[in-house]
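1. Predicted model, plus sequence, below.
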Amino acid sequence: MIEYLKAHPDEVTQYFIAHVWLSVLPVVFGLLIALPIGWLASRYRWTYPPITNIAGLLYTIPSLALFIIMPSIIQTKILSPVNVVVALTVYTVALLVRVVADGLNSVPEDVRAAATAMGFKGIGRFLRVELPIAVPVITAGVRVATVSNVSLVSVGALIGVAQLGSLFTEGFSRNVMSVVLLGILLCLLLALILDGVILLLNRWLTPWQRLSGVTGREIPEPAPQLDAKKEVVA
Amino acid sequence: MIKFESVVKRYPDGTVAVNGLDLVAPSGQITVFVGPSGCGKTTSLRMINRMIEPTSGRIWLDDQDTGSVDAATLRRGIGYVIQHAGLFPHRTIVDNVATVPFLLGWDRKKARARAMELMERVGLPAAFASRYPAQLSGGQQQRVGVARALAADPPVMLMDEPFSAVDPVVRHELQEEFLRLQSELGKTIVFVTHDIDEAVKLGDQVAVLKVGGTLAQLATPAQLLTDPVDDFVAGFVGRDRGYRALGFETSGDLPTHTEQTVSLGDDGAKVQQAAVEGWVLAVDSERKPIGWVSVHAVPPGQTVRPELLQRGGTTAPIGGSLRAALDAALSSPSGRGVLVDENDVLIGTISAGEVIERIEKQLASRRSVGAEPAPTPGTSK
C-alpha cells in the first residue's frame, strides 16, 4: 500500500483532488437547486407530498445507470467528469429537497408571524429569518449528502472518470488488494475531512446553537418596581 | 386612532371569523379585545397590520385607509408583540430589538444604541445585549418582545396575548410595567386577551367579542362590571362583579383611626400596653407597616422578632380604590385595615364596617343621580 503510494505519488494526489471536486461540486449545486424547491414545498404545503415523492424516486435510480445515460441527456462526451457532477447533483437535490423543506417547516410559527409583522418581505424574510434558523436541520442533510457523494463518485471509475475509485478498478484488475485498501482509506479520510469542514461551517453559521441550555438565571431578574398601588404585606 | 368600518372576514370554507365589526380605538389609549376562543379577536387584530386581509370593510389608521398602503411599509410603522415573544433565535437580544430600525435602513450603530436604550426602558440589564433568546427566561423574552415592538417608536402597538404564557407572578409584574410604560409613552394600543381580569385591569376601554365575530359590548372596565349589556357579557365578565367593580371606585378621604405601633426589638410589656383587642401593628424605622403582633405571641420579657409577625394583611393606599380598602380590612388579623400614603408610610386604620358604610353611601348617591347612562367610549374622535 505504502509502496504504491511512494511509486505513484502524483497519480494518487490527482485522484484525491479529482475526488474532492467531484464530491463537493454536486453538493454546492444540489443545495442551490434544492433551496428554492424546498422553499416551495414548505411555503405551499400541498406541493410537499408530490415534490418529496418525486425527489425520493430520483434517488432510487442506480448510479451506474445514471452515469451511463447522462451523456445522451445532456450531450456530453461519455468520459467527461461533467456526467458524474450532474448525476450526483441529481442525487443531492433528491436528498436535500426534503431536508430543506423540513428545515424551513421547523421555524416556529410565532417567529414567522413576528417576522411578517415586523415588516420583512418575502425574500428578505427567507434569507434573514427562515433560512438561518433552518441551518442546523439543513446541515444534517448536507453531511449525509456529502458523505454519500464521496462513496458514489468512486462508481464513476467504471465509466473511466479518474478519481480515488480508479484505485479500486486498478487494484481489482491487477489483483492487488492493498491498492483497493488504499482507495478505501483515502475515501474514508476524505469523507471525514469534508464532514469536519461542514461541522465547522455549521458552528460558524449558528453561534446561538452552542448556547442553548444556558438559562438567564446567571443574571438575576431585575427587581420588580414597587409602587404605592401594589399590595404590600403588612 | 384605529377605526374599524363594517369589517368582515370570511374564509373560503364559509367560516365567518369577524362579522361586521365597527369600532374605534382612540389615540393614546389601550383598547382590549376580549372574548372566548373563536370570537375573532386575534383575526381582528391581525387585520389592522394586514397579516390577514379583510374580506370587506375598511380599517383606518388616523385618516389613512390601511388597504391603500404597501403592507410591509404599514407593518414597519406598527409595533407588534405576540405570545411567547416570537423572538428570532439566531439573533442576539440587541439585534432582535433593533429589527425594525435595521429594516428601515437606520445606521447600524444608531439602531443598536436605540435598542440599548429600549432594553433599559423595559428593565433588561445591558449585559443581556449579546445573549441569545434561548438564554433568557420567558418573562425576560417577553420584555425583549415589547422593546422590539417599541424600537422604531411606532404610534400604534398591537399586542396578541403577550402575557399569557408566563407564570402569574411574572405576568403581574409585566402588566404593572406595561401600564407604567404606557403612562410614559401614550401609544395607541390594541391588546388581545382571553382573560377578562387582564382586560379589566389594562384596558381604557374593553371590547367584548362573541363567537362568530360580533361585538357584544364596548365599554370602560367599570361599565362592563356594573352594567353588562346582555347575558353573554354578564356570564363572560363572571362572578364577583360587584366586588371587582369596587376596584374602580375611589375611596376619597376615608375616616381613619390612629394606631399604636411597636417596632422590632420592643419588649412584650410594650406590646401588652399598646395592643387593642389583642393586636398591635409593627412598623419599621420609616413607619412603614411590616406586620401585626398578637399579645399571645410576645409575652412580657420577650422581644418582637420578625418571625413572630403576622403578615396576612394587605395595605391600601389612601385615596385608592374602595376594593383595596375593603380588602385591607378583611385580610387584617386584627380586623383593622391598614391605610398608607404614597410612600407606604402608615396613616391609620379602618374597619370593614366603616368601608362598607362608605361604599353604601357612594352607591346610594350614584343611584339617586338616576339611571342616566354613562357615555360610551370610542364613539367620538
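-> Yep, it's here.

2. Point me to the residue of the stretch 151-300 of chain B nearest chain A.
-> The stretch 151-300 of chain B approaches chain A most closely through B:Pro289 (3.5 Å), counting by C-beta to the nearest C-beta. C-beta: built from backbone N, CA, C; applies to glycine.

3. Next, B:Val192: secondary structure please.
-> strand (DSSP: H, G, I helix; E, B strand; the rest coil).

4. List the residues that contact it.
-> With contacts taken as C-beta atoms under 8 Å, 6 or more residues apart in numbering or on different chains, B:Val192 has the following neighbours: B:Val32, B:Phe33, B:Val34, B:Lys41, B:Thr42, B:Ser44, B:Leu45, B:Met159, B:Asp160, B:Glu161.

5. Specify which member of these is nearest to chain A.
-> Within those, the smallest distance to chain A is 8.6 Å, found for B:Asp160 (C-beta to the nearest C-beta).

6. what about that closest one, how many neighbours?
-> 23 (other C-beta atoms under 10 Å in any protein chain shown).

7. for B:Ala328, same thing?
-> 26.

8. can you check A:Leu194 too?
-> 20.

9. So it: helix, strand or coil?
-> Of the three states, A:Leu194 takes helix according to three-state DSSP.

10. Let me see the contact set for the spatially most central residue of chain A.
-> The C-alpha lying nearest the average C-alpha coordinate of chain A belongs to A:Val142 (C-alpha atoms, centre = their mean; 1.6 Å). Taking C-beta under 8 Å, 6+ apart as the contact definition, A:Val142 lies against A:Val27, A:Leu31, A:Leu96, A:Val99, A:Ile198.

11. repeat that with 7 Å
-> A:Val27, A:Leu31, A:Leu96, A:Ile198 (C-beta atoms under 7 Å, 6 or more residues apart in numbering or on different chains).

12. wait, the first one sits on A:Asn149?
-> Yes: when contacts are counted by C-beta atoms under 7 Å, A:Val27 is listed as touching A:Asn149 (6.2 Å).

13. Settle it for me: which of those two has more neighbours?
-> For A:Val27 versus A:Asn149, the count of surrounding residues by other C-beta under 10 Å is larger for A:Asn149: 26 against 23.

14. From A:Leu189, how far off is the more buried one?
-> Distance, A:Asn149 to A:Leu189, by C-beta to C-beta, to the nearest Å: 15 Å.

15. What is the neighbour count of residue 121?
-> Unless you meant another one, I'm taking chain A. As a burial measure, the neighbour count of A:Lys121 was computed by other C-beta under 10 Å and equals 15.

16. not quite, I wanted chain B
-> The criterion is other C-beta under 10 Å. On that basis, B:Arg121 has 16 neighbouring residues.

17. what do you get for the one 4 residues further on?
-> Residues contacting B:Pro125 under the criterion other C-beta under 10 Å number 15.

18. Just to be sure, B:Thr31 is in a strand?
-> Yes: B:Thr31 forms part of a strand when assessed by three-state DSSP.

19. can you list the domains in chain B?
-> B:2-248, B:261-362 (automatic domain parsing).

20. Could you dump these into a markdown table and include mean pLDDT?
-> Converted to a markdown table, the domains of chain B look like this (pLDDT from 0 to 100):
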| stretch | mean pLDDT |
| --- | --- |
| domain B:2-248 | 92 |
| domain B:261-362 | 89 |
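
21. In TSV, list those domains along with distance to A:Val84.
-> Formatted as TSV, the entries for these read as follows, by distance: least, C-beta to C-beta, whole Å:
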stretch	distance to A:Val84
domain B:2-248	35
domain B:261-362	79
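
22. Test my guess that B:Ala199 contacts B:Gln205.
-> No: contact criterion C-beta under 7 Å: B:Ala199 and B:Gln205 do not qualify, at 9.8 Å.

23. Comparing those two, which residue is more hemmed in?
-> Each of B:Ala199 and B:Gln205 has its neighbours counted (other C-beta under 10 Å); B:Ala199 has more, 26 against 22.

24. what's near enough to touch that one?
-> When contacts are counted by C-beta under 7 Å, 6+ apart, B:Ala199 touches B:Val32, B:Val34, B:Thr193, B:Val206.

25. And A:Val82, by the same measure?
-> The neighbours of A:Val82, taking C-beta under 7 Å, 6+ apart as the test, are A:Thr76.

26. How about B:Ala325?
-> Contacts were defined as C-beta under 7 Å, 6+ apart; by that measure B:Ala325 touches B:Ser251, B:Leu254, B:Ala316, B:Gly337, B:Leu339, B:Ile350, B:Val355.

27. what separates it from B:Asp197, distance-wise?
-> Applying C-beta to C-beta, the value for B:Ala325 to B:Asp197 is 20 Å.

28. likewise B:Val262?
-> Plainly put, B:Val262 is 37 Å away from B:Asp197 if you go by C-beta to C-beta.

29. Mind jotting down where the helices sit in chain A?
-> Remark: helices assigned in chain A by DSSP state H are A:2-7, A:9-43, A:48-59, A:63-74, A:81-105, A:109-118, A:122-125, A:131-153, A:165-173, A:177-205, A:207-211.

30. Pick the most buried one from the ones you listed.
-> When neighbours are counted by mean count of other C-beta atoms under 10 Å in any protein chain shown, the highest per-stretch mean among these falls to helix A:81-105, a mean of 23.
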